[in-house]
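# can't give you the sequence, but here's the structure:
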């Protein structure tokens with residue numbers, strides 16, 4: 001084989017290797033994180049103007065919200081980091097070429113060479129292997145963070161969904177009240193013209209109608225604003241959709257102990273923090289591994305040399321490095337690694353306590369909301385009876401118009417509070433599921449991932465507990 005033919009063959013091989021190496025499966029990467037974040041079953045498709053239930057709104061958010069996709073890309077980046085770390089454990093091969101100009105007797109001689117080189121690290125103090133293990137832990141953390149973001153967005157969607165329902169229901173109550181009050185105003189004006197009522201009565205009713213209309217304008221504005229936010233979260237044209245709710249609050253909920261157990265097993269942010277602590281601990285071992293000796297082998301062989309096409313020559317080099325004096329660099333790396341691990345352990349502890357606080361706080365709000373709802377039912381019933389009595393007394397000439405207007409205001413206020421509290425109770429029920437990490441499982445049917453016992457145990461980090469105070473006699 002001539003040198004020219006050999007050079008052409010190597011160039012073609014290099015071109016093919018470059019093209020093959022540059023190819024990436026982008027569709028496969030996107031599918032990887034979508035398998036984690038997408039709701040089970042067929043992807044939801046929403047036709048503008050159709051009915052929108054709460055479950056459909058939640059499924060649309062899980063399938064089409066760009067924030068979840070952005071977090072999914074971080075998961076792919078964690079996979080790429082792991083691939084990069086694993087590559088350091090494998091040998092490398094390179095094609096090299098060089099040109100040398102030599103001057104012996106005044107005549108310049110240009111010598112070119114093409115060869116193949118390889119390198120492999122035999123001993124690394126297990127630092128590279130620990131970095132791969134740390135990358136695996138960061139991948140688990142990135143996966144949990146996808147699910148945690150999904151839970152947060154689902155709760156945000158539910159909150160906005162009920163804000164739309166609340167505002168529109170309030171608008172319906174206010175519109176009905178305006179209609180009834182306007183009829184009373186027309187009647188009062190007619191009675192005033194006939195001399196059967198005072199101008200003061202007309203003015204009082206007219207002021208009441210104006211106040212109610214102002215509330216109606218605000219409620220309709222809030223409804224339009226909430227619908228715009230709902231469209232943003234669901235990535236669907238839901239501005240004109242009829243909302244049907246479809247969610248019913250459970251008559252009984254588990255006790256505090258059971259809820260805390262669910263939270264510590266399934267809270268995605270807590271599990272992500274635990275995985276980050278695992279990664280930080282493995283990086284401590286990787287930093288300590290820098291004290292170990294490293295052994296590497298470099299091999300180079302020439303495939304062609306011109307102008308003298310001699311047989312291929314081989315250059316081999318075995319390098320053994322033992323760190324003796326590193327000017328404190330390795331010690332600083334280890335010190336920083338331990339600090340990052342303690343920081344990650346403290347983050348886990350904080351998230352664990354936050355999960356407990358979330359469950360306790362939302363559980364207290366849930367019970368209080370349910371008790372308030374019962375009281376508002378009573379207030380609506382009593383206010384309606386009071387208005388009927390005030391209306392009858394006014395028509396019989398035994399009561400004043402002020403009493404009737406006051407009774408109308410009390411009934412309207414009670415009805416508005418009853419509507420708001422009913423939706424607040426539903427939202428708190430969903431928030432309790434979010435606090436336990438089970439919102440997606442219960443609302444869109446997403447399975448709860450299995451977790452190992454080690455993933456739920458607090459990381460054993462040294463020196464994060466304060467030592468017990470030493471008390472001396474007489475102190």
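Sure, I can see it. Quick caveat: nothing in here was measured; it's all calculated off a predicted structure.
# how close does residue 55 sit to residue 244?
Distance from residue 55 to residue 244, counting by Cβ to Cβ, to the nearest Å: 10 Å. (C-beta placed from N, C-alpha, C; glycine too.)
# correction: residue 425
Relative to residue 244, residue 425 is positioned 18 Å away (criterion: Cβ to Cβ).
# Looking at these two, which is more packed in?
residue 425 (18 against 13; other Cβ atoms under 10 Å).
# Can you list the low-confidence ranges for the stretch 301-450 of the chain?
Counting by pLDDT under 70, the stretch 301-450 of the chain shows low-confidence ranges at 302-316, 327, 402.
# the helices in it, which residues?
Counting by DSSP state H, counting those that start in this stretch, the segments of the stretch 301-450 of the chain that form helices are 329-395, 401-436, 439-443.
# do the stretch 151-300 of the chain as well
Per DSSP H, counting those that start in this stretch, the stretch 151-300 of the chain carries helices over the ranges 199-234, 256-266, 268-288.
# okay if I get the ones you listed as CSV plus mean pLDDT?
Shown next, in CSV, are these (pLDDT from 0 to 100):
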stretch, mean pLDDT
helix 199-234, 87
helix 256-266, 92
helix 268-288, 93
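# Which one, of these, ends up nearest to residue 397?
helix 199-234 (12.6 Å; Cβ to Cβ).
# distance between the ends of stretch 240-250?
29 Å (Cα to Cα, to the nearest Å).
# What residues does residue 280 make contact with?
By Cβ atoms under 8 Å, 6 or more residues apart in numbering, residue 280 lies in contact with 134, 337, 340, 341, 343, 344, 345.
# ok, residue 39 touching residue 59?
Yes: in this structure, residue 39 is within contact of residue 59 by Cβ atoms under 8 Å, at 4.8 Å.
# Find residues that contact each of these two.
Joint contacts of residue 39 and residue 59 (Cβ under 8 Å, 6+ apart) are residue 444.
# Looking only at neighbour counts, state which of those two leads.
Neighbour comparison, residue 39 and residue 59: the larger count goes to residue 59, with 27 against 21 (by other Cβ under 10 Å).
# any idea which element that one lies in?
Using DSSP states H and E, residue 59 falls within helix 54-64.
# Can you identify the element that follows that helix toward the C-terminus?
Scanning forward in sequence from helix 54-64 by DSSP H and E, the next helix or strand is helix 66-87.
# List the buried residues in that next one.
Buried residues in helix 66-87, defined by neighbour count with 16 or more other Cβ atoms under 10 Å: 68, 71, 72, 74, 75, 76, 78, 79, 81, 82, 85.
# Mind naming the longest strand for this protein?
Within the chain, and with DSSP state E defining each element, the longest strand by residue count is strand 108-123.
# Give me the distance from it to the chain's centre.
49 Å (Cα atoms, centre = their mean, to the nearest Å).
# From residue 26, how far off is the nearest residue to residue 445 once chain neighbours are set aside?
Closest residue to residue 445 apart from its sequence neighbours, by Cβ to Cβ, 6 or more residues apart in numbering: residue 40 at 5.2 Å. For residue 40, the distance to residue 26 (Cβ to Cβ) stands at 24 Å.
# Which of the helices or strands spans the residue nearest the centre of the chain?
Nearest to the mean C-alpha position of the chain, by Cα atoms, centre = their mean, lies residue 149 at 1.3 Å. Using DSSP H and E, residue 149 maps to helix 127-193.
# Measure how that helix sits relative to helix 199-234, angle-wise.
Between helix 127-193 and helix 199-234, the angle comes out at 160 degrees (axes from the mean of the first three to the mean of the last three Cα atoms, to 10 degrees).
# For helix 127-193, enumerate the helices and strands it packs against.
Secondary-structure packing of helix 127-193 (3 or more Cβ pairs under 8 Å, 6 or more residues apart in numbering; DSSP states H and E): helix 26-37, helix 54-64, helix 66-87, helix 199-234, strand 242-245, helix 268-288, helix 401-436, helix 439-443.
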